[in-house]
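Visitor: Give me a 3D structure for the following:
(3 chains)
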Amino acid sequence: MSWTDERVELLKKMWSEGQSASQIAKELGGVTRNAVIGKVHRLGLSNRAGAAPAPETKPEPKPAPAAAKPKPAPKPVEAKPESRPEPAPVAAAPSPLPARKQIIPAGQPLPPQPSANEISPEALAKVSEVEKKAKRLTLMELTERTCKWPVGDPATEDFWFCGLPVQQGKPYCEAHVGVAFQPMSSRRDRRR
DNA sequence: CCCTGATTCGC
DNA sequence: GCGAATCAGG
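Guide: So this is what the prediction gives:
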(Lines give C-alpha, C1' and ligand atoms only; values in the text may rest on other atoms or scores of the structure.)
Protein backbone atom coordinates (compact mmCIF):
# COMPACT_ATOMS: atom_id res chain seq x y z
CA MET A 1 0.00 0.00 0.00
CA SER A 2 1.18 3.48 -0.69
CA TRP A 3 0.29 6.87 0.63
CA THR A 4 -2.15 8.05 -1.92
CA ASP A 5 -3.79 11.40 -1.59
CA GLU A 6 -6.93 9.90 -0.22
CA ARG A 7 -5.15 7.80 2.32
CA VAL A 8 -3.17 10.79 3.47
CA GLU A 9 -6.39 12.73 3.68
CA LEU A 10 -7.97 10.16 5.89
CA LEU A 11 -4.84 9.99 7.95
CA LYS A 12 -4.85 13.72 8.49
CA LYS A 13 -8.51 13.74 9.30
CA MET A 14 -8.40 10.94 11.80
CA TRP A 15 -5.22 12.18 13.38
CA SER A 16 -6.65 15.61 13.91
CA GLU A 17 -9.72 13.98 15.33
CA GLY A 18 -7.54 12.44 17.94
CA GLN A 19 -7.69 8.91 16.67
CA SER A 20 -4.78 6.76 17.71
CA ALA A 21 -2.22 5.64 15.22
CA SER A 22 -3.34 2.06 15.53
CA GLN A 23 -6.93 2.99 14.91
CA ILE A 24 -5.95 4.90 11.85
CA ALA A 25 -3.85 2.02 10.67
CA LYS A 26 -6.76 -0.33 11.08
CA GLU A 27 -9.03 1.98 9.19
CA LEU A 28 -6.60 2.44 6.36
CA GLY A 29 -5.60 -1.14 6.20
CA GLY A 30 -2.39 -2.40 4.76
CA VAL A 31 -0.31 -0.38 7.12
CA THR A 32 0.84 -0.72 10.66
CA ARG A 33 0.56 1.89 13.32
CA ASN A 34 4.27 2.45 12.92
CA ALA A 35 3.73 3.37 9.32
CA VAL A 36 1.05 5.78 10.36
CA ILE A 37 3.19 7.36 13.01
CA GLY A 38 6.09 7.60 10.63
CA LYS A 39 3.90 9.29 8.06
CA VAL A 40 2.44 11.60 10.62
CA HIS A 41 5.89 12.77 11.54
CA ARG A 42 6.98 13.14 7.98
CA LEU A 43 3.92 15.24 7.36
CA GLY A 44 4.98 17.34 10.26
CA LEU A 45 1.78 16.99 12.21
CA SER A 46 3.15 15.21 15.18
CA ASN A 47 1.34 17.70 17.31
CA ARG A 48 -2.39 17.18 17.19
CA ALA A 49 -3.16 20.37 15.40
CA GLY A 50 -5.66 21.13 12.73
CA ALA A 51 -8.89 20.73 14.57
CA ALA A 52 -8.03 21.21 18.18
CA PRO A 53 -7.59 24.88 18.94
CA ALA A 54 -4.58 25.16 21.14
CA PRO A 55 -5.21 27.87 23.72
CA GLU A 56 -1.64 28.96 23.94
CA THR A 57 0.45 27.08 21.48
CA LYS A 58 2.61 29.45 19.55
CA PRO A 59 4.02 27.73 16.48
CA GLU A 60 7.37 29.38 17.05
CA PRO A 61 7.99 32.68 15.27
CA LYS A 62 10.77 31.04 13.31
CA PRO A 63 13.75 33.20 14.13
CA ALA A 64 16.10 33.71 11.23
CA PRO A 65 18.73 31.01 11.44
CA ALA A 66 21.93 32.90 10.83
CA ALA A 67 24.23 30.32 12.27
CA ALA A 68 25.65 27.44 10.31
CA LYS A 69 23.56 24.75 11.93
CA PRO A 70 21.64 22.70 9.39
CA LYS A 71 20.48 20.35 12.07
CA PRO A 72 18.74 22.40 14.72
CA ALA A 73 16.84 20.55 17.32
CA PRO A 74 15.08 23.04 19.54
CA LYS A 75 12.34 21.38 21.47
CA PRO A 76 11.59 23.75 24.33
CA VAL A 77 7.85 23.50 23.94
CA GLU A 78 6.80 20.26 25.43
CA ALA A 79 3.08 19.85 25.75
CA LYS A 80 1.06 16.90 26.90
CA PRO A 81 -1.81 16.77 24.48
CA GLU A 82 -2.60 13.23 25.27
CA SER A 83 -3.59 12.15 28.71
CA ARG A 84 -5.40 9.16 29.98
CA PRO A 85 -8.65 10.18 31.59
CA GLU A 86 -9.51 7.13 33.55
CA PRO A 87 -13.01 6.60 34.81
CA ALA A 88 -13.74 8.83 37.72
CA PRO A 89 -15.64 7.46 40.66
CA VAL A 90 -19.33 7.63 40.12
CA ALA A 91 -21.70 7.50 42.98
CA ALA A 92 -24.78 5.61 42.01
CA ALA A 93 -24.94 5.64 38.28
CA PRO A 94 -26.11 2.44 36.68
CA SER A 95 -23.90 3.01 33.67
CA PRO A 96 -20.66 4.78 34.44
CA LEU A 97 -19.18 4.17 31.03
CA PRO A 98 -15.95 6.13 31.03
CA ALA A 99 -16.36 7.95 27.80
CA ARG A 100 -13.30 9.30 26.13
CA LYS A 101 -13.03 12.79 24.92
CA GLN A 102 -14.10 11.71 21.52
CA ILE A 103 -16.06 9.15 19.68
CA ILE A 104 -14.81 5.63 19.77
CA PRO A 105 -16.99 3.41 17.64
CA ALA A 106 -20.63 4.10 17.09
CA GLY A 107 -23.41 4.85 19.48
CA GLN A 108 -23.31 2.73 22.54
CA PRO A 109 -26.54 1.75 24.12
CA LEU A 110 -26.46 1.87 27.84
CA PRO A 111 -26.05 -1.49 29.44
CA PRO A 112 -29.41 -2.86 30.30
CA GLN A 113 -29.47 -4.92 33.41
CA PRO A 114 -29.62 -8.54 32.47
CA SER A 115 -32.42 -9.12 34.91
CA ALA A 116 -35.47 -7.51 33.42
CA ASN A 117 -34.83 -8.38 29.88
CA GLU A 118 -35.88 -11.00 27.54
CA ILE A 119 -33.17 -11.53 25.06
CA SER A 120 -32.27 -14.72 23.39
CA PRO A 121 -32.25 -17.47 26.01
CA GLU A 122 -28.88 -18.58 24.78
CA ALA A 123 -27.40 -15.17 25.22
CA LEU A 124 -28.81 -14.87 28.71
CA ALA A 125 -27.57 -18.28 29.61
CA LYS A 126 -24.19 -17.30 28.32
CA VAL A 127 -24.24 -14.19 30.45
CA SER A 128 -25.10 -15.87 33.69
CA GLU A 129 -22.54 -18.47 32.88
CA VAL A 130 -19.95 -15.85 32.22
CA GLU A 131 -20.71 -14.01 35.40
CA LYS A 132 -19.28 -16.90 37.28
CA LYS A 133 -15.96 -16.37 35.62
CA ALA A 134 -16.16 -12.62 35.84
CA LYS A 135 -13.19 -10.87 37.28
CA ARG A 136 -15.45 -8.81 39.47
CA LEU A 137 -13.54 -5.65 38.97
CA THR A 138 -14.15 -2.39 40.69
CA LEU A 139 -14.65 0.79 38.81
CA MET A 140 -11.06 1.76 39.31
CA GLU A 141 -9.82 -1.47 37.89
CA LEU A 142 -11.58 -1.10 34.59
CA THR A 143 -9.48 -0.54 31.53
CA GLU A 144 -10.24 -0.03 27.90
CA ARG A 145 -10.24 -3.72 27.40
CA THR A 146 -12.04 -5.01 30.37
CA CYS A 147 -15.71 -5.70 30.08
CA LYS A 148 -17.60 -2.84 31.64
CA TRP A 149 -20.80 -4.71 32.20
CA PRO A 150 -22.11 -3.75 35.62
CA VAL A 151 -23.48 -6.44 37.87
CA GLY A 152 -25.53 -5.87 40.94
CA ASP A 153 -26.71 -2.74 42.62
CA PRO A 154 -24.27 0.16 42.61
CA ALA A 155 -25.72 1.25 45.93
CA THR A 156 -24.63 -1.91 47.63
CA GLU A 157 -21.44 -3.77 48.23
CA ASP A 158 -22.61 -6.40 45.85
CA PHE A 159 -21.64 -4.45 42.80
CA TRP A 160 -18.90 -5.12 40.34
CA PHE A 161 -17.98 -5.13 36.72
CA CYS A 162 -17.54 -8.18 34.59
CA GLY A 163 -13.95 -7.40 33.75
CA LEU A 164 -13.41 -10.14 31.21
CA PRO A 165 -11.51 -9.30 28.05
CA VAL A 166 -13.58 -7.11 25.82
CA GLN A 167 -14.33 -7.79 22.24
CA GLN A 168 -12.20 -5.61 20.06
CA GLY A 169 -13.68 -2.18 19.89
CA LYS A 170 -16.52 -2.96 22.23
CA PRO A 171 -16.97 -2.03 25.85
CA TYR A 172 -18.08 -5.51 26.80
CA CYS A 173 -16.92 -9.05 26.61
CA GLU A 174 -18.36 -11.32 24.01
CA ALA A 175 -21.19 -12.58 26.16
CA HIS A 176 -22.25 -9.13 27.25
CA VAL A 177 -21.93 -7.70 23.81
CA GLY A 178 -24.45 -10.33 22.88
CA VAL A 179 -27.07 -8.88 25.18
CA ALA A 180 -26.02 -5.29 24.99
CA PHE A 181 -26.15 -4.90 21.26
CA GLN A 182 -29.42 -6.25 20.09
CA PRO A 183 -30.12 -6.16 16.39
CA MET A 184 -33.26 -4.39 17.50
CA SER A 185 -35.51 -7.04 16.21
CA SER A 186 -36.49 -10.49 17.38
CA ARG A 187 -38.17 -8.97 20.39
CA ARG A 188 -40.28 -6.66 18.35
CA ASP A 189 -41.57 -9.35 16.14
CA ARG A 190 -40.59 -12.60 17.65
CA ARG A 191 -42.56 -15.33 16.17
CA ARG A 192 -40.77 -17.98 14.40
C1' DC B 1 -0.25 -7.38 29.79
C1' DC B 2 -2.43 -4.12 27.15
C1' DC B 3 -1.68 0.10 24.88
C1' DT B 4 0.21 5.03 23.38
C1' DG B 5 3.43 8.06 20.40
C1' DA B 6 8.65 9.05 19.25
C1' DT B 7 12.84 7.96 17.17
C1' DT B 8 16.20 5.62 14.57
C1' DC B 9 18.05 3.88 10.51
C1' DG B 10 18.45 0.43 6.71
C1' DC B 11 16.07 0.10 2.76
C1' DG C 1 9.93 8.50 1.55
C1' DC C 2 8.96 4.46 3.98
C1' DG C 3 8.18 1.63 8.09
C1' DA C 4 10.08 -2.20 11.33
C1' DA C 5 12.46 -2.17 15.31
C1' DT C 6 13.16 -0.04 19.16
C1' DC C 7 12.51 3.11 22.84
C1' DA C 8 9.94 5.50 26.49
C1' DG C 9 5.98 5.86 28.88
C1' DG C 10 0.92 4.91 30.98
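Visitor: For chain A, which residues are neighbours of DNA strand B?
Guide: With the criterion set to Cβ under 7 Å from any atom of the strand, chain A comes near DNA strand B through A:19-23, A:33-34, A:37-38, A:40-41, A:46, A:75, A:82, A:144-145. All C-beta atoms are positioned from the backbone trio N, CA, C, and that covers glycine.
Visitor: Near DNA strand C, which residues of chain A are found?
Guide: Residues of chain A lying close to DNA strand C by Cβ under 7 Å from any atom of the strand are A:Met1, A:Ser2, A:Trp3, A:Val31, A:Thr32, A:Asn34, A:Ala35, A:Ile37, A:Gly38, A:Lys39, A:Arg42, A:Arg84.
Visitor: Would you enumerate the residues in contact with A:Ala175?
Guide: Taking Cβ atoms under 8 Å, 6 or more residues apart in numbering, we find A:Ala175 in contact with A:Ala123, A:Lys126, A:Val127, A:Glu129, A:Val130, A:Leu164.
Visitor: Surely the fifth one is in contact with A:Leu164?
Guide: Looking back up the chat, that one is A:Val130. Yes - using Cβ atoms under 8 Å, A:Val130 makes contact with A:Leu164 at a distance of 6.6 Å.
Visitor: Out of the residues of chain A next to DNA strand C, which sit inside helices?
Guide: Among these, the members falling in helices (DSSP state H) are A:Asn34, A:Ala35, A:Ile37, A:Gly38, A:Lys39, A:Arg42.
Visitor: Which pair of the residues of chain A next to DNA strand B spans the longest distance?
Guide: A:Lys75 and A:Arg145 (32.7 Å; Cβ to Cβ).
Visitor: Neighbour count: those two, which is higher?
Guide: When neighbours are counted by other Cβ atoms under 10 Å, A:Lys75 and A:Arg145 differ, and A:Arg145 comes out ahead with 15 against 6.
Visitor: which non-adjacent residue is nearest the more buried one?
Guide: Among residues not flanking A:Arg145 along the chain, A:Val166 sits closest, at 4.8 Å (Cβ to Cβ, 6 or more residues apart in numbering).
Visitor: give me the number of residues near that neighbour?
Guide: By the measure other Cβ under 10 Å, the count of residues near A:Val166 is 22.
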